[in-house]
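Colleague: Starting from these lines, generate the structure:
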Amino acid sequence: MPLGSTATDLVLTIAHTLRKHGVVGKFVEVFGDGLDHLSVPDRATIGNMSPEFGSTITYFPIDDKTLDYMRKTNRPESVVQRVEDYCKANKLWRENMEQIKYSSVVELDVSKVEPTVAGPKRPQDKILLRDLKPKFIELLDNSFGRKYIDISEREYSEMNSKELERQLTSWKSEGGNSQPIELTSKSREITIEKDDTKLKTVWINRGHDKFELSDGSIVIAAITSCTNTSNPFVMVGAGLVARKARERGIDVKPWVKTSLAPGSKVVTDYLEKADLMKDLEALSFHLVGYGCTSCIGNSGPLPTKIGKAIDDDDLIVASVLSGNRNFEARVHPKVKMNFLMSPMLVVAYAIAGRVDIDLLNEPISYDRNEEPVYLKDIWPTDDEINDILSEVLSPADFENSYGEIFKGNDIWQNLEVPTDQIYKWDEKSTYIKEIPFFHNISEEPQPVKDITGANVLLHLGDSITTDHISPAGAFSKKSAAGKYLIERGVDPLEFNSYGSRRGNDEVMVRGTFANVRIKNKLADSEGGFTKYLPTGEEMTVYDAAQKYKADNTPLIVLAGKEYGSGSSRDWAAKGTFLLGVKAVLAESYERIHRSNLMDLGVLPLQYKEGETAETLGLTGKESFDITGIAHDLKPLKEIDVVATDENGNKKTFKAIVRLDSAIEIEYYRNEGILQYVLRQFLKES
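Modeller: Residues are numbered from 1 along each chain as shown. Predicted coordinates for the structure are as follows:
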């Protein structure tokens, strides 16, 4: 790859290329001479993003680089030799590639990969680093109806942008004991630009900090994700960016919430050995834990004044993170733009504090001598990174970190382990509750029935992700899940997140389709709302589902292309089932979510090629009869759908049953895979 480009830039380029090509449900094998220069961590970074470009798996043939990685990570030589022998004997070794025939081949010249980001709401939406500023200006106009105001032309209470930048830097470097900025108003928060058709700017006064927050300001910068943060090259690179920034006396902006969440303890070991942890910590990239943090919505709350300014003035702020997923409201419900990038760029953008900057040509900050500092001034060379890696990485690090991986800390060691053979449910627990899938289950499945008189719960567009369907992050006390917990005596400060409450179906079903950014064509409000069609009353999706359940009205969901894209979150299907949804009718599905719907007894239906809700004239206010399910159900069967509008007018069309195999038919007949397995178990016992 060219100097300055990283594995993250490569994987974002691949995600864009393969999503455009179309690989949903496909096995992707990577081959070619470029593999000679692609390390195993780089390959893992690519493979782990398979759900983002839709493939079932992304496979790399085993070769000498695989064996080198095994040795470097403390695998015994006997195991390494066994892997080599086995793979060569079973034609899994990287050789004779010219003899392999593929159904399609996509070529990518890695020598032309440029620094890249992706966003603001899908990982496949590639943006070259050099184009991010004009792309932001375009998005601000097209998506939010606001015209960009260049930073040099904004009002700053008699202070231009360069002077503001210099005073912030000077004040920070001098210890922050004096107040560097005197505002013309004594108000603690001043909205400078109130016009909804133009970029918005707000002054924030927080202790000694006084700063401007605008559309495009970065409020979260997270080095996160299990694969990017387990790639030594980009992690050491991020540490060196921080070190060089410290040497120039520049820091992250005071409105940016920063965090460091490596995928492995080995990462912190080699960062400490390289003396880079103190550089990252000096820029406020402190270790917050290992595993899923901002990338799954565990960003935590924003500072109060910043959160209030975003809400009060509807600011379009951004996050930058080194994760795989940036779907709407996933990182934080208040942040409308989220950009994926390498850990090195995360540090750089945290210093810049905004995405509306040409990072390659404009100063990223000013040093204590008021001299401009550019990205090139703090960007390490490949040789600098590799020199450190050769000194700090050793098999012993992996032995130390993974040798005691199952030991756990004192809390884990001292847990009281029940000895009962049957789990004892705690009725008072708001975290773990018996799920109702097996309540009143019969020994034999009931006959499959057609779906008649169904109403539409949600009418959705394209690219509805599992994050839209089942969010994993924080939720408010005004949400259906929040009200449920408050009724049970849980303080809002103890809500935690949807992800942490996934053992309680009552919380999760209330969170289904409750993403604050989901857009339901039946509702006037953005978020988890719909209309209860019998009365036309707008309410939460959960409340409407309960009314339909009381009426014994089956429900369906209408959707567009790529329904269920993103991570394989089972609760996106579980919650759909528990709401009373009997079928989803979409233009196309992501493989994993289609499978999960079927596994939960929700029928995945697909429009015929060329047909959509729009071409058929469906509004979502119709009543639906779906016939052809009860008799002779077979894989990919075409069935009849009749949609009847409020005036009694009928539209009849065909849909394809996306049960793709005989076993999937059996799962559906049993109302899901869990019931099927239980019934099989009971028969055998």
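Colleague: what residues are up against the nearest residue to Arg669 once chain neighbours are set aside?
Modeller: Leaving out its chain neighbours, the residue that sits closest to Arg669 by C-beta to C-beta, 6 or more residues apart in numbering is Pro445, at 5.2 Å. The way it works is simple: take the backbone N, C-alpha and C, and place the C-beta from them, glycine included. With contact taken as C-beta atoms under 8 Å, 6 or more residues apart in numbering, Pro445 is in contact with Arg669, Asn670, Glu671, Gln675, Arg679.
Colleague: quick one: Ile592 from Arg122, how far?
Modeller: 16 Å (C-beta to C-beta, to the nearest Å).
Colleague: now swap in Val79 and tell me
Modeller: As for Val79, its distance to Arg122 is 40 Å (criterion: C-beta to C-beta).
Colleague: For those two, work out which one has more neighbours and name it.
Modeller: Arg122 (23 against 11; other C-beta atoms under 10 Å).
Colleague: For this structure, which residues score under the pLDDT cut-off?
Modeller: Low-confidence segments of the chain (pLDDT under 70): 1, 155-194, 568.
Colleague: got the contact list for the most centrally placed residue in it?
Modeller: Residue closest to the average C-alpha location in the chain (C-alpha atoms, centre = their mean): Arg325, at 2.9 Å. Counting by C-beta under 8 Å, 6+ apart, Arg325 makes contact with Glu52, Pro123, Cys295, Leu340, Asp467, Gly566, Ser567.
Colleague: go again using 10 Å as the cut-off
Modeller: Residues counted as contacts of Arg325 (C-beta atoms under 10 Å, 6 or more residues apart in numbering) are 49, 51-52, 122-123, 225, 295-297, 331, 338, 340, 465-467, 566-567.
Colleague: And Lys376, by the same measure?
Modeller: Counting by C-beta under 10 Å, 6+ apart, Lys376 makes contact with Gly4, Leu359, Leu360, Asn361, Ile364.
Colleague: ok, the second one - contacts?
Modeller: Yep, that's Leu359 we're talking about. The contact partners of Leu359, by C-beta under 10 Å, 6+ apart, come to 115, 117, 129-130, 132-133, 345, 348-349, 351-352, 374-376.
Colleague: measure it to Leu18 for me?
Modeller: Distance, Leu359 to Leu18, using C-beta to C-beta: 26 Å.
Colleague: Please apply the same query to the third one.
Modeller: Applying C-beta to C-beta, one obtains 27 Å for the distance of Leu360 from Leu18.
Colleague: On the three-state scheme, Tyr676 is what?
Modeller: helix (DSSP: H, G, I helix; E, B strand; the rest coil).
Colleague: all numbers from here: first residue = 784
Modeller: Right, with 784 as the first residue, what we last looked at is Tyr1459.
Colleague: Next up, phi/psi of the nearest residue to it once chain neighbours are set aside, please.
Modeller: Spatially, and ignoring its direct neighbours in sequence, Tyr1459 is nearest to Asn1453 (3.9 Å; C-beta to C-beta, 6+ apart). Here is the backbone geometry of Asn1453 (degrees, to the nearest 10): phi -90, psi 10.
Colleague: Hmm, Gly1384 and Asn1453 touching each other?
Modeller: Yes. Taking C-beta atoms under 10 Å as the definition, Asn1453 is a contact partner of Gly1384 at 7.6 Å.
Colleague: Name the residues contacting each of these two.
Modeller: Pro1228, Tyr1459.
Colleague: Strands along the stretch 834-983 of the chain, start to end?
Modeller: Using DSSP state E, counting those that start in this stretch, the strands of the stretch 834-983 of the chain run over 840-842, 899-901, 909-911, 972-976.
Colleague: Neighbouring strands of the helix or strand following the last one in the sheet, and parallel or not?
Modeller: In this case it means strand 972-976. As assigned by DSSP states H and E, the chain's next helix or strand after strand 972-976 is strand 984-989. If you go by DSSP bridges, strand 984-989 pairs up with strand 972-976 (antiparallel), strand 992-997 (antiparallel).
Colleague: Pull the distance from strand 984-989 to the chain's centre.
Modeller: In terms of C-alpha atoms, centre = their mean, to the nearest Å, the centre of strand 984-989 is set 29 Å apart from its chain centre.
Colleague: So which bits of it are buried?
Modeller: For strand 984-989, burial by neighbour count (16 or more other C-beta atoms under 10 Å) applies to Thr984, Val985, Trp986, Ile987, Asn988.
Colleague: now stretch 829-843
Modeller: In stretch 829-843, counting by 16+ other C-beta under 10 Å, buried: 829-838, 841-843.
Colleague: Pull out the CA atoms of stretch 1125-1143 and give them to me as CSV.
Modeller: The C-alpha trace of stretch 1125-1143 is given here as CSV (Å, rounded to 0.1, in the frame of the first residue of the first chain):
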residue,chain,number,x,y,z
SER,A,1125,-8.0,4.3,11.3
PRO,A,1126,-7.0,4.8,15.0
MET,A,1127,-4.3,7.2,13.7
LEU,A,1128,-6.8,9.4,12.0
VAL,A,1129,-9.1,9.3,15.1
VAL,A,1130,-6.3,10.9,17.1
ALA,A,1131,-5.7,13.5,14.3
TYR,A,1132,-9.4,14.4,14.1
ALA,A,1133,-9.7,14.7,17.9
ILE,A,1134,-7.0,17.3,17.7
ALA,A,1135,-8.7,19.1,14.9
GLY,A,1136,-12.0,18.9,16.7
ARG,A,1137,-14.2,19.1,13.5
VAL,A,1138,-14.8,17.2,10.3
ASP,A,1139,-15.2,20.3,8.2
ILE,A,1140,-11.5,20.6,7.7
ASP,A,1141,-9.2,19.7,4.8
LEU,A,1142,-6.9,17.6,7.0
LEU,A,1143,-4.3,17.2,4.2
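Colleague: Please state the offset of it from the chain centre?
Modeller: Worked out by C-alpha atoms, centre = their mean, stretch 1125-1143 lies 20 Å from the chain centre.
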